[in-house]
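Asker: heads up, no residue letters with this:
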């Protein structure tokens, strides 16, 4: 189990001090992996004992074991990036494009350390068996939401893109039913209306799915299904949608495989309708 998954499983049980520690780890995992418990605690403004309690709460015998897990999960990734960067430098392609490609390749190469194929299959099956799929994307995530809406509709699914306006969102949620699924995105922080969306779905009994970056471990309330994988780049700097878009594409492919013959029939019918309306 990845460290981010361990944190996600315990997020509701964390004290305010422990949450501050986790936020520091998520923002600067390499610094935390190379430092001491005292240094991490000082950076978060908590007592050193809080770091040891957090480690034990996450299932580690000691802070040292917790730090070893950090090193395994994050330092190895940096070494890969360093090797790749050296290759780029030697071939003379150390440009903005080259660096971006390096960072994206690095993030994508480690995606299965955070999301396993079984999760993709499970969630794709859930969406295909749902009566309706409601998709919410706020800010930059709107483009991902639109992509998922269009692609699921091509399979004949009843899909609705949720409004980012609070009143409009409330009106759409009024019709939510137990056989429906809500899919949303949450990156640097939960989108506006996140807690209300999850709580409303939970009251009805509808399943919730969140696609997130590494901050997904701190989401509260927790969704029923979380697909969280770090995006490339610094958490406080520019980050692209390449990793979450890859997750979305994997879900669409898995959904098509879920009902291959029916999906192909729908796509064939769509092609004929496009010719008719074009």
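Answerer: Yep, that arrived. The model shown is predicted, which means the values in this text are computed figures rather than measured ones. Residues are numbered from 1 along each chain as shown.
Asker: tell me if I am right that residue 211 is in a helix.
Answerer: No - assigned with DSSP: H, G, I helix; E, B strand; the rest coil, residue 211 falls outside any helix and is strand.
Asker: correct me, but it touches residue 249?
Answerer: No - at 11.4 Å, residue 211 does not count as touching residue 249 under the criterion of CB atoms under 8 Å. For the C-beta atoms, the positions are set from N, CA and C on the backbone; glycine is no exception.
Asker: compare the two (neighbour count), which wins?
Answerer: More neighbours surround residue 211 than the other of residue 211 and residue 249, with 29 against 13 (other CB atoms under 10 Å).
Asker: for that one, list each beta-bridge partner.
Answerer: residue 185, residue 227 (DSSP bridges).
Asker: relative to residue 17, how far out is it?
Answerer: Separation of residue 211 from residue 17 (CB to CB, to the nearest Å): 29 Å.
Asker: repeat for residue 175
Answerer: Distance, residue 175 to residue 17, by CB to CB: 42 Å.
Asker: which of the two has more neighbours?
Answerer: With other CB under 10 Å as the criterion, residue 175 and residue 17 differ in neighbour count, and residue 17 comes out ahead with 18 against 11.
Asker: give me the spatial nearest neighbour of the more buried one, chain neighbours excluded.
Answerer: Distances taken as CB to CB, 6 or more residues apart in numbering put residue 46 closest to residue 17, at 4.1 Å, once the chain neighbours are dropped.
Asker: can you give me phi and psi for that neighbour?
Answerer: Main-chain dihedrals, residue 46, degrees, to the nearest 10: phi -130, psi 170.
Asker: could you list the domains of this protein?
Answerer: For the chain, automatic domain parsing gives the domain ranges 3-94, 115-277.
Asker: circling back to that earlier point, residues in contact with the residue nearest to residue 17?
Answerer: With contact set as CB atoms under 8 Å, 6 or more residues apart in numbering, residue 46 has these partners: 17-18, 20-21.
Asker: do the same with residue 230
Answerer: By CB under 8 Å, 6+ apart, the contact list for residue 230 reads 4, 107, 110, 114, 213-214, 243.
Asker: one more: residue 273?
Answerer: Counting by CB under 8 Å, 6+ apart, residue 273 touches no other residue.
Asker: and the pLDDT for it?
Answerer: Listed pLDDT for residue 273 reads 74.
Asker: ok, now residue 264?
Answerer: Among the per-residue scores, residue 264 holds a pLDDT of 67.
Asker: kindly report the same for residue 220.
Answerer: 84.
Asker: specify the local secondary structure of it.
Answerer: Here residue 220 is coil, with the state taken from three-state DSSP.
Asker: OK, contacts around it?
Answerer: Contacts for residue 220 were tallied using CB under 8 Å, 6+ apart; they are 11-12, 195.
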